[in-house]
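> Quick one, structure for this:
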Amino acid sequence: MKTEYSLYLPDEQAMMALGARLAASRPEGGRVVHLTGDLGAGKTTLTRGWLRALGHSGAVKSPTYTLVESYRLAGRDVHHFDLYRLADPEELDYLGLDDYFDGQALCLVEWPERGEGVLKTPDLAIRLTVAGEGREARIEALSEAGRVWLEALERV
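Presented below is the predicted three-dimensional model:
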């Protein structure tokens with residue numbers, strides 16, 4: 001079973017389309033996805049495409065100051081985290097992480113390295129890097145559900 005998938009995304013539309021594909025291929029149950037990459041790599045754009053595919057029509061901004069934005073979409077909770085401004089991973093204890101990572105919700109975490117040692121292993125880890133005019137997306141499955149998801153993603 002494949003555990004890694006890479007693709008080139010030439011523009012913002014392609015990044016949004018990848019978000020939609022991830023939404024369409026997600027297995028049932030709560031899932032955790034870590035989104036890494038430099039500032040401006042496209043983490044929030046990917047999330048925007050994902051949320052739009054789930055039915056969100058409003059603005060999608062990175063929760064840099066609030067740390068988390070929650071949505072109720074298609075009958076499910078989606079939590080979008082941005083840990084960029086986190087000074088210490090232990091600060092996450094004050095957020096009540098267990099309430100968000102309840103095994104039912106989709107949790108999209110930007111800058112997960114800032115929560116290292118506190119965050120659980122994700123189902124998927126998505127690394128975005130600048131590649132010429134576009135972006136390179138490297139998606140790695142880190143759980144059995146992640147491997148199933150990756151296989152489904154390739155068929156969407």
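> center of this protein, which residue is that?
What sits nearest the mean C-alpha location of the chain, by Cα atoms, centre = their mean, is residue 108, with 3.5 Å.
> Would you map the helices across the chain?
Using DSSP state H, the helices assigned to the chain run over residues 12-25, 43-53, 97-100, 144-155.
> I'd like the mean pLDDT over the last one, please.
Over the span of helix 144-155, the pLDDT mean works out to 92.
> elements contacting it?
Applying 3 or more Cβ pairs under 8 Å, 6 or more residues apart in numbering; DSSP states H and E, one finds that helix 144-155 makes contact with strand 4-9, helix 12-25, strand 31-36, strand 124-131, strand 134-141. The way it works is simple: take the backbone N, C-alpha and C, and place the C-beta from them, glycine included.
> now the helix or strand of the chain with the lowest mean pLDDT, how far from the chain's geometric center?
None of the helices or strands of the chain scores lower by mean pLDDT, DSSP states H and E than helix 97-100, at a mean of 86. Distance, stretch centre to chain centre, for helix 97-100: 16 Å (Cα atoms, centre = their mean, to the nearest Å).
> can you tell me the average pLDDT over stretch 49-64?
Regarding stretch 49-64, the rounded mean pLDDT is 90.
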